[in-house]
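Undergrad: Sharing a model prediction with you, sequence too.
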Amino acid sequence: MSAVPQPQVSKERKDFYARIDTGHVAPLWEVLHELVTPKPKTPCVPVVWKWDTVLPWIMESGKLITAQEAERRVLVLENPGLRGQSRATHSLYAGLQLVLPGEIARAHRHSQSALRFIMSGDGAYTAVDGERVTMHVGDFIITPSWSWHDHGNPSKEPIIWMDVLDMPIVELLDAQFMEKFPQQSQMTTHTEGASFARYGNTMMPLNYRPRSHTSPLFWYPYERSREALATLARSEDAHPCHGHKLQYVNPATGGAAMPTIGTFVQMLPRGFKGTDYRSTDSTIYSCVEGKGRARIGEQSIEFGPKDTFVAPSWMKHRFEVDAETVLFSASDRPVQQALDLWREET
Ligand code: 1HN
């Protein structure tokens with residue numbers, strides 16, 4: 001459908017382009033083939049961040065700067081195809097955040113939605129709109145758009161988690177706002193566990209009226225996800241591509257837990273040899289347990305616990321695991337689905 005790029009542009013056309021350029025006007029036919037492509041043409045590439053490589057750097061960052069000075073002490077996971085843009089995929093930001101014992105990461109809020117996926121440590125908390133939750137490895141925690149949030153670590157060990165934010169999506173839409181809370185920490189106005197009691201048990205309050213598209217449940221404990229996967233693995237055959245895979249949902253609507261970020265957890269049984277899969281949502285994977293290999297496009301990626309890796313949009317990938325493996329993953333799938341753009345191929 002698109003014009004073939006001309007190796008040589010005639011003088012007449014060049015002159016024309018130069019004249020219209022002064023009026024901030026350009027010819028579509030010179031760029032159409034790059035703008036409208038037969039399939040996704042993402043700059044995002046497959047990549048793995050090995051825990052053993054990044055952990056010493058994270059701990060070193062703890063000696064170089066305090067959480068207070070940094071506001072957030074995070075090492076950004078930058079996709080090699082998107083260096084300098086603070087992106088793990090074209091649409092999502094990811095980073096590894098460290099909070100040392102005794103530290104507080106001060107309260108603020110922003111338009112960007114965030115998720116925390118806990119990688120190491122136990123007993124630190126994050127507070128979301130007046131309710132604290134204690135973080136354990138494998139927990140998935142939501143910080144909804146425009147909700148006050150701060151983190152603190154009263155435990156004796158460092159805590160490290162992966163942040164995933166929809167920053168590039170909000171940036172694309174030029175819809176970002178940010179505000180600092182007047183104090184370091186917000187007041188705790190709800191009992192810990194209150195939102196889980198209200199929304200975490202397939203029940204909800206009689207008078208529940210949604211205030212946003214984000215799940216009113218903001219803590220999805222690993223203990224529950226793990227138990228669900230273990231039971232599934234005993235009761236159904238593994239999907240040829242995904243093994244046993246579940247999506248985190250907003251319990252009040254059945255939709256995605258977050259409006260902009262799709263979140264999933266899957267178990268691949270020991271010895272699983274998956275078949276190729278691709279979808280249009282570039283995906284960030286975090287290995288919780290087990291080990292294996294992901295064949296992503298032409299690349300073979302070895303992964304083990306706490307390794308993070310990326311499968312780009314529309315690139316075939318498959319898994320092969322040596323031990324029972326659990327993978328958490330995040331992508332922009334809800335956005336694509338809301339806009340009728342999402343495609344998959346098994
Ligand atoms: C943020 O607010 C947090 O609250 C983490 O922990 C990472 C990256 C970019 C912008 C805001 C946090 C962030 C962030």
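TA: Cool, got the structure.

Undergrad: switch to C-alpha atoms for all contacts and neighbour counts from now on
TA: Will do.

Undergrad: so where does Asp163 fall, helix or strand?
TA: strand 159-165 (DSSP states H and E).

Undergrad: CA atoms only for that strand - export them in PDB, please.
TA: Taking Å, rounded to 0.1, in the frame of the first residue of the first chain, the C-alpha atoms of strand 159-165 are listed here in PDB:
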ATOM      1  CA  ILE A 159      14.000  -5.000  50.500                       C
ATOM      2  CA  ILE A 160      14.200  -5.000  46.700                       C
ATOM      3  CA  TRP A 161      11.300  -5.000  44.400                       C
ATOM      4  CA  MET A 162      10.600  -4.500  40.700                       C
ATOM      5  CA  ASP A 163       8.600  -1.400  39.800                       C
ATOM      6  CA  VAL A 164       6.600  -1.400  36.600                       C
ATOM      7  CA  LEU A 165       5.000   1.900  35.500                       C
END
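
Undergrad: what stretches of this protein score poorly on pLDDT?
TA: In the prediction, the chain carries residues with pLDDT under 70 at positions 1-6.

Undergrad: Could you pull out the helices in it for me?
TA: With DSSP state H as the criterion, the chain has helices at 11-21, 32-35, 51-64, 67-70, 167-172, 194-199, 222-235, 333-338.

Undergrad: So which of those is nearest Asp281?
TA: Proximity to Asp281 (CA to CA) singles out helix 333-338 among those, at 5.5 Å.

Undergrad: partners of the strand holding Asp163 in the sheet?
TA: Here strand 159-165 has these sheet partners by DSSP bridges: strand 93-99 (antiparallel), strand 114-120 (antiparallel).

Undergrad: before we move on, back to that, include distance to Arg83 when you put the helices of the chain into a markdown table, please.
TA: Shown next, in a markdown table, are these (distance: least, CA to CA, whole Å):
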| stretch | distance to Arg83 |
| --- | --- |
| helix 11-21 | 30 |
| helix 32-35 | 21 |
| helix 51-64 | 17 |
| helix 67-70 | 21 |
| helix 167-172 | 13 |
| helix 194-199 | 38 |
| helix 222-235 | 32 |
| helix 333-338 | 23 |
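
Undergrad: mind giving me TSV with those helices and columns for mean neighbour count and distance to Gln184?
TA: Shown next, in TSV, are the helices of the chain (neighbours: other CA atoms under 10 Å; distance: least, CA to CA, whole Å):
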stretch	mean neighbour count	distance to Gln184
helix 11-21	12	51
helix 32-35	14	46
helix 51-64	14	19
helix 67-70	14	9
helix 167-172	16	23
helix 194-199	16	23
helix 222-235	14	29
helix 333-338	17	33
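
Undergrad: Nearest approach to Leu327 belongs to which of these?
TA: Going by CA to CA, the one of the helices of the chain nearest Leu327 is helix 222-235, 10.6 Å.

Undergrad: And the closest one, what does it pack against?
TA: strand 244-247, strand 262-268 (3 or more CA pairs under 8 Å, 6 or more residues apart in numbering; DSSP states H and E).

Undergrad: With mean neighbour count as new columns, can those be given to me in JSON lines?
TA: What follows is the helices and strands packed on helix 222-235, written out as JSON lines (neighbours: other CA atoms under 10 Å):
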{"stretch": "strand 244-247", "mean neighbour count": "19"}
{"stretch": "strand 262-268", "mean neighbour count": "24"}
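
Undergrad: Could you save those strands as TSV and add columns showing distance to Val36?
TA: Converted to TSV, the helices and strands packed on helix 222-235 look like this (distance: least, CA to CA, whole Å):
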stretch	distance to Val36
strand 244-247	31
strand 262-268	26
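
Undergrad: If we ignore the residues flanking it in sequence, what's nearest Trp51?
TA: Residue nearest to Trp51 in three dimensions, not counting chain neighbours: Asp307, with 5.0 Å by CA to CA, 6 or more residues apart in numbering.

Undergrad: Next, the contact list for that neighbour, please.
TA: Val48, Trp49, Lys50, Trp51, Ser286, Cys287 (CA atoms under 8 Å, 6 or more residues apart in numbering).

Undergrad: repeat that with 10 Å
TA: 48-54, 119, 285-289, 291, 327 (CA atoms under 10 Å, 6 or more residues apart in numbering).

Undergrad: for Gly102, same thing?
TA: Per CA under 10 Å, 6+ apart, neighbours of Gly102: Ala124, Gly152, Asn153, Pro154, Ser155, Lys156, Glu157, Pro158.

Undergrad: phi, psi of the closest residue to the last one other than its chain neighbours?
TA: What it means is Pro158. Leaving aside its chain neighbours, Pro158 sits nearest to Leu100 (4.5 Å; criterion: CA to CA, 6+ apart). Phi and psi for Leu100, reported as degrees, to the nearest 10, are phi -80, psi 160.

Undergrad: In this structure Leu100 contacts Thr66, no?
TA: Yes. Counting by CA atoms under 10 Å, Leu100 does reach Thr66; the two are 8.6 Å apart.

Undergrad: which residues do the two both contact?
TA: Here Leu100 and Thr66 share the contacting residues Arg73, scored by CA under 10 Å, 6+ apart.
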